[in-house]
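[1] Got a predicted structure here, sequence first:
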Amino acid sequence: MAVVYHRGTILLASQVPDQNGTNPKDRPVVLLIDFEDTHADAYGLAVSTTFPHPPPATCIVLPYQRQGNCQTGLTSPSVAVCDWPVIIGKADIITRTGTCPTIPLAAILAQLPKIQPIPAFQQTPNATGPAGS
């Protein structure tokens, strides 16, 4: 039976680099699209515990609880950083920590078109088919 992680799942991923492409470490990632273990890569946004107060519009605050007993499974103040896209291989997934609640997930999805173009894997072909056909 295939393992499926749905959009909004928060995974702990190994050796995710920072926004500058350096300082790899284990970091939480919020999935932007569904991921099955038959896929090669998972696509998401990095979750960070380092952010200014108040956070900028590109950072969506996520619920946390010191013991991790909440929907996200996060144990410290954290934000989903909408301008920090992450691609992780299935071998890099350490564990599932939780899920992003509906309201923060909607805020994340609303920020994406403002920050970055829609990746090719999310674009819907037009009704006439691919270009040049």
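    Looks like it came in fine. Since this is a predicted model, take the numbers as computed values, not measurements. Numbering: from 1, shown residues only.
[2] so what strands line up beside the longest strand seen in the chain?
    In the chain, assigned by DSSP state E, the strand with the most residues is strand 78-89. Note on strand 78-89: by DSSP bridges, its sheet partners are strand 41-48 (antiparallel), strand 59-62 (antiparallel).
[3] want to throw these into CSV with distance to P101?
    In short, each C-beta sits where N, CA and C put it, glycine included. As requested, those are exported to CSV (distance: least, Cβ to Cβ, whole Å):
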stretch, distance to P101
strand 41-48, 13
strand 59-62, 8
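[4] pLDDT weak spots in the protein?
    Where the chain drops to pLDDT under 70, the residues are 1, 115-133.
[5] quick revisit: for N69, find the nearest of the strands paired with strand 78-89.
    Of all the strands paired with strand 78-89, it is strand 59-62 that lies closest to N69, at 14.5 Å by Cβ to Cβ.
[6] How about that closest one, which residues are buried there?
    Burial within strand 59-62, assessed by neighbour count using 16 or more other Cβ atoms under 10 Å, is assigned to C59, I60, L62.
[7] bridging residues for the second one?
    So the one you mean is I60. Those that pair with I60 in a beta bridge, by DSSP bridges, are A80.
[8] For A110, see how far away it is.
    9 Å (Cβ to Cβ, to the nearest Å).
[9] Over to the last one?
    For L62, the distance to A110 under the criterion Cβ to Cβ works out to 15 Å.
[10] again with the first one
    Taken as Cβ to Cβ, the spacing of C59 relative to A110 amounts to 13 Å.
[11] related to what we said a few turns ago, which of the buried residues of strand 59-62 lies closest to V4?
    For the buried residues of strand 59-62, the nearest to V4 is L62 (21.8 Å; Cβ to Cβ).
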